[in-house]
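Peer 1: Model the following, please.
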Amino acid sequence: MKDVSVATRLDRLPITRMHLMAVLVVGLGIFFDLYEVFLAGTVSTALKDDFQVGADQLKPLLASAFVGAFIGAVVMSRIADRLGRRRAFYLTLAVYSVFSVLAAFSPNVEMLIVCRFLAGLGIGGELPLCDAYLSDLLPARHRGRLIGWAYTVGFCGVPLAGFLALGIVPHTYLGVDGWRWMFLIGGLGAALCWVLRRGLPESPRWLEAVGRHEEADRVVRIFEESAHRNTAGATSPVVPAAEATATAPEKAPLRQLVQPPWRSRSVMLVIFQILQVFGYYGFGTLAPLVLAGKGYDIVHSLTFSALSFVGYPIGSLLSVFVIERIERKTLIMLSAFGMLAFGLGFGYAHNTAMIVVFGFCYTLVSNLFSNAYHVYQGELFPTRLRATGAGGAYSLSRLASAVMPYVLLPLLLNHGPDAVFVFIACAMAAVIVTIGLLGPRTTGRSLEELTAPGLATAPGAGVPVDAAAGEPKGGTW
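Peer 2: Numbering: from 1, shown residues only. Next up, the predicted model:
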């Protein structure tokens, strides 16, 4: 028992109420984060009428939150690795909530752009931080499935944004324009999540990594005692604090991310994150504008977008049942191919029914893709670099998202929807090649195994291992 580490104790736990509460609270934060990300696309058509937003102003309006998110992902992720996951959680939601509420009262488009940029500082850090925190906390054999549940809760915010926009944006309530209510709802909801997150424990893996062994042991003991109560003593015994392994604090200079053995994973994530945004966020933010380009008015374009957005939570829910059965990198590649195919179908469709069908299928497979890669990027780096490694690469996706309107809008305006989705298809094809050549296998393996330096340097290393039995895991492609 003297060699039992915090990581081993966490991985052998059954799922407890505390695990499920953490998944739910983190999922609610993701809910309002994704609501905000998809908000600009859904209200952009209304802003063109209210503020007389032309093409030149629409580009920075769509890009502003992503520029802020680029900075936020870098800064917040580093804070999470240096000062703790909980502190970073408080900061991301507080920044987003305050400036989203202020955006609702913007007197002009310039003020709205500034508020969107500042809200983006919080938005950028949220998802990579959620990935790192839940990866730290959850047992290896349940990690993918439960992170999938957190994102399923979160992605319910996307169709909510679509249907709220359909019902609210064309109207005025209490003398306030509908689009302003959209921003207000998001900001107040994030403030509620901030309150709920006060009950989350700090990551025991992070506490151990920075040398705070007694605190790490205390948190793990709470989980063990909860498991013991839930199963009437059927779990492994609680390890006394004095017997927990004490290890020296990990050193985590940033340069390690560009040195072996982590360099190849960093390069893979950088290429991946720059390209994937054109497929994932390109559809979500431009779908209403693509439909307007096909000749549909604001009500019809918002209706079709809302129906298409239903695929986001359904695809996320589907991932829960397959993410531990299909190797993570394989699932990313298969779903990226689905986005390629359905995106081309959406771009070339002119029949109303086919537009909705292809849009729904696109969003469904895109959330298989999204959930798989969010789990994946939280598994690739050691604890003291986990948030920084994932967040640093993710920050480039936010920067690429800021550039995206300047690439895709001219394509849409000058060459039509077909050209937009041909470009997206090429980006997704490059994603498939990148993950296929450089991505390691991760499904079912402990974080410590995945980040052991010798294993990390071996291309495609490792057979997935059942965390409970220590044996090869079956049923994984």
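
Peer 1: quick one: contacts for the nearest residue to residue 371 once chain neighbours are set aside?
Peer 2: For residue 371, ignoring the flanking residues on the chain, the nearest one in space by C-beta to C-beta, 6 or more residues apart in numbering is residue 319 at 4.0 Å. For the C-beta atoms, the positions are set from N, CA and C on the backbone; glycine is no exception. Applying C-beta atoms under 8 Å, 6 or more residues apart in numbering to residue 319 gives the contacts 148, 151, 152, 331, 367, 368, 371, 372.

Peer 1: wait, which of the residues you listed is closest to residue 221?
Peer 2: residue 148 (27.7 Å; C-beta to C-beta).

Peer 1: The contacts of residue 319: which two are farthest apart?
Peer 2: 152 and 331 (15.3 Å).

Peer 1: And the pLDDT at the residue most central in space within the chain?
Peer 2: Residue closest to the average C-alpha location in the chain (C-alpha atoms, centre = their mean): residue 127, at 4.1 Å. If you check residue 127, the pLDDT there is 87.

Peer 1: and what of residue 206?
Peer 2: We have a pLDDT of 92 for residue 206.

Peer 1: pLDDT weak spots in this protein?
Peer 2: Applying pLDDT under 70 to the chain flags residues 1-4, 38, 40-55, 230-253, 284-285, 288, 292-302, 304-306, 453-477.

Peer 1: Which stretches in it count as strands?
Peer 2: 172-173, 176-177 (DSSP state E).

Peer 1: most neighbours per residue, which of these?
Peer 2: Among the strands of the chain, strand 176-177 has the highest mean neighbour count (mean count of other C-beta atoms under 10 Å), at a mean of 16.

Peer 1: Check which helices and strands the lengthiest helix in the chain is in contact with.
Peer 2: Ranked by residue count, the top helix of the chain under DSSP state H comes out as helix 383-415. With contacts defined as 3 or more C-beta pairs under 8 Å, 6 or more residues apart in numbering; DSSP states H and E, helix 383-415 has these neighbours: helix 55-83, helix 109-137, helix 204-209, helix 263-293, helix 352-377, helix 417-438.

Peer 1: and with 7 Å instead?
Peer 2: Under the contact criterion of 3 or more C-beta pairs under 7 Å, 6 or more residues apart in numbering; DSSP states H and E, helix 383-415 touches helix 55-83, helix 109-137, helix 204-209, helix 263-293, helix 417-438.

Peer 1: Let me have those helices in TSV, adding distance to residue 92 as columns.
Peer 2: Output for these, formatted as TSV (distance: least, C-beta to C-beta, whole Å):
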stretch	distance to residue 92
helix 55-83	5
helix 109-137	4
helix 204-209	16
helix 263-293	18
helix 417-438	26
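
Peer 1: do you know which of those helices lies nearest residue 8?
Peer 2: That would be helix 204-209 among those, by C-beta to C-beta, at 11.1 Å.

Peer 1: How about that closest one, which residues are buried there?
Peer 2: 204, 205, 206, 207, 208, 209 (16 or more other C-beta atoms under 10 Å).
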